[in-house]
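Participant: Okay, here's the prediction I keep looking at, along with the sequence it came from:
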Amino acid sequence: MSKYDVVVIGAGPAGYVAAIRAAQHGKKVACIDSWKNYDGSKAFGGTCLNAGCIPSKALLESSELYERARHEFDTHGIKVGDVGLDLGTMQKRRAGIVKQFTGGITALFKANGVQGMFGKGRMLGPGKVEYTPDDGNSEILETEHIVLASGSTPIELPNIPFDEKHIVDSWRALEFDSVPPTLGVIGGGVIGLELGSVWSRLGAEVTVLEALDDFLALADQQIAKDAMRQFKKQGLKFKLGARVNAGKVSDGKVKLSYQDKKGEHQLEVDKVIVAVGRRPYTDGLLADGTGVKLDQRGFIEVDDECRTGVSNVWAIGDCVRGPMLAHKGSEEGIMVADLIAGEVAELNYNVIPSVIYTAPEVAWVGKTEEELKKAGVRYKVGTFNFGANGRAKAMEQATGVAKVLAAQADDEILGVHIVGPLAGELIQECVLAMEFSASAEDIQRTIHAHPTLSEAIHEAALAVDKMAIHAINK
Ligand code: FAD
Ligand code: AMP
């Protein structure tokens, strides 16, 4: 029987980070992962590296360059011949980046002395994990601590089963080997918008069907409306308040049925991406009677410190409550490893940034205006349009808006919302500011380099007190 201080089940961004951090604290750590790619190869990194954050960003970058080469180069006075698409090379690049990063986790495990193990992990009880590699020869691992980090998996709609070819999940949708002429995307959330953008830029006619009446219902609605306007200009079609209830494949096409206020409608497309969210993945993770509890939606129940309630058993990442984001899971991994090492650690769940990597990007942190209104909080608003930002203009990306919300009472920043170029990078200054409970005045009095996109945040903070320099204050 092998003995460890910590056994982590799952090597996604939550699990592998927890494993490395625990090893840095001098713990003897094993990290088990059962990920298998379509070609049967195994890799650490979970959804994020293999089928999520990293491959989607690789394709978003490539497709945006393609789009800009076709439509923007003329404006810059750059003459190129016919711009063509070599999807094979684009996909090879995507796969190469994924391979480099998943291989990087193996290297980091080695460097930190983490025992990386491919196979299935199952918690038998406190201090006991069953490890089953592909050959089926199970082994019991004894350990002081168990960290459950089994992640999530795409939700399948009841009457729209995946067929791996015409009706697919987000992973398959990253690996299309040709551009579908017409594409339906069910779900207008982050994943639907990112994948819809990729295939739209590469030439597909994309229709996004979203059940809710509001676009990006969780985002600040001023920002969501601005984003929607820009996505529509790019050619994405939206059907809001449209709940898809059935999908059938016949003659190589998918016939979708959806319901909106006006009744039942049909849409015929070549392919469909189902992007209606993800569910926690805990299949086969827990033996009977471990004492670890799942809530009604299948998430492992944990407290603010990611303790399951069973002694020395922790759970982190997508398989527990909170936003399904890689950075949220990684920070939980660090917190748990620090707590295991006897350190004081906590996580500020109020300042988790969200980013949608479309063009323009959408990013936010903290409360939306709608949430503040609902909670009866008195607040001040400052906005600044990227149209008046020199760097954005130079980049030919001078669209969008930055918005800072600050408390009327003491000027503390309560939320920042951005739709604009590199919003995902810009939000980080605001996350840090909020982590330190900064006021709008703190950002106002911070020197921002000129000309940078970050000046839009500076101006939005100034606008909170009607003191913007490069805009008319209303
Ligand atoms: P996962 O990454 O799902 O990893 C869990 C791992 O555990 C998997 O490898 C699984 O095989 C393994 N496992 C499960 N059960 C067992 C078991 N019993 N034994 C052994 N191994 C097991 N998030 C962002 O923050 N930014 C983004 O830009 C972003 N883009 C995304 C794009 C797409 C298309 C998708 C699908 C997701 C995206 N996400 C993004 C979400 C992000 O991928 C997840 O939040 C993140 O991967 C969760 O990390 P995790 O470690 O909790 O789980
Ligand atoms: P997210 O949870 O951010 O990945 O977004 C998923 C989106 O899919 C949400 O906005 C849901 O409202 C939407 N959705 C869920 N089920 C359906 C459905 N049957 N038809 C259309 N949209 C849906």
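Facilitator: Structure received. Ligands and ions are numbered 1, 2, ... in the order given.

Participant: Just give me the neighbour total for residue 410.
Facilitator: Using other C-beta atoms under 10 Å, the number of residues around residue 410 comes to 8. Quick note: C-beta positions are derived from backbone N, CA and C, even for glycine.

Participant: my guess is it is in a strand, correct?
Facilitator: No: read with DSSP: H, G, I helix; E, B strand; the rest coil, residue 410 is coil and lies in no strand.

Participant: From residue 442, how far out is it?
Facilitator: Distance, residue 410 to residue 442, by C-beta to C-beta, to the nearest Å: 12 Å.

Participant: Can you pull the residues that touch both of these two?
Facilitator: Common contact partners of residue 410 and residue 442 (C-beta atoms under 8 Å, 6 or more residues apart in numbering): none.

Participant: Surely residue 156 touches residue 274?
Facilitator: Yes: contact criterion C-beta atoms under 8 Å: residue 156 and residue 274 qualify, at 6.7 Å.

Participant: So between the two, which is more surrounded?
Facilitator: Ranked by neighbour count (other C-beta under 10 Å), residue 156 and residue 274 place residue 274 first, with 26 against 13.

Participant: Residue 237 versus that one, what's the distance?
Facilitator: Using C-beta to C-beta, we find residue 274 at a distance of 17 Å from residue 237.

Participant: Closest residue of the stretch 51-200 of the chain to ligand 2?
Facilitator: Residue nearest to ligand 2 within the stretch 51-200 of the chain: residue 189 (2.1 Å; C-beta to the nearest ligand atom).

Participant: For that residue, report the pLDDT, please.
Facilitator: Confidence at residue 189, expressed as pLDDT, is 97.

Participant: Who are the contact partners of it?
Facilitator: Residue 189 sits next to 216, 275, 276, 277 when contact means C-beta under 8 Å, 6+ apart.

Participant: Local confidence estimate at the residue nearest to residue 389 when sequence neighbours are not counted?
Facilitator: Distance criterion C-beta to C-beta, 6 or more residues apart in numbering; nearest residue to residue 389, sequence neighbours excluded, is residue 456 at 4.8 Å. Reading off the confidence values, residue 456 has pLDDT 98.

Participant: so residue 456 touches residue 402, yeah?
Facilitator: Yes: between residue 456 and residue 402 there is a contact under C-beta under 8 Å: 4.3 Å.

Participant: Overlap of the contact sets of the two?
Facilitator: Both residue 456 and residue 402 are contacted by 384, 386, 418, 420, 426, under the criterion C-beta under 8 Å, 6+ apart.

Participant: ranking those by neighbours, who comes first?
Facilitator: Counting by other C-beta under 10 Å, top hit in the shared contacts of residue 456 and residue 402: residue 418 with 33 neighbours.

Participant: burial of the residue in the stretch 251-400 of the chain that ligand 1 sits nearest to, as a residue count?
Facilitator: Shortest the stretch 251-400 of the chain-to-ligand 1 distance, computed as C-beta to the nearest ligand atom: residue-wise this is residue 317, at 2.2 Å. Using other C-beta under 10 Å, residue 317 has 34 neighbouring residues.

Participant: my guess is it meets residue 327, correct?
Facilitator: No: the pair residue 317 / residue 327 is not scored as a contact, 10.5 Å apart, by C-beta under 8 Å.

Participant: Give the residues shared as contacts by these two.
Facilitator: Common neighbours of residue 317 and residue 327 (C-beta under 8 Å, 6+ apart) are residue 13.

Participant: Spatially central residue in the protein, please.
Facilitator: residue 325 (4.8 Å; C-alpha atoms, centre = their mean).

Participant: Not counting sequence-adjacent ones, nearest residue to that residue?
Facilitator: Leaving aside its sequence neighbours, residue 325 sits nearest to residue 352 (C-beta to C-beta, 6+ apart; 6.7 Å).

Participant: Now do the contacts for that neighbour.
Facilitator: Counting by C-beta under 8 Å, 6+ apart, residue 352 touches 322, 323, 325, 327, 328, 365.

Participant: ok, so what distance separates it from residue 327?
Facilitator: Residue 352 sits 7 Å away from residue 327, going by C-beta to C-beta.
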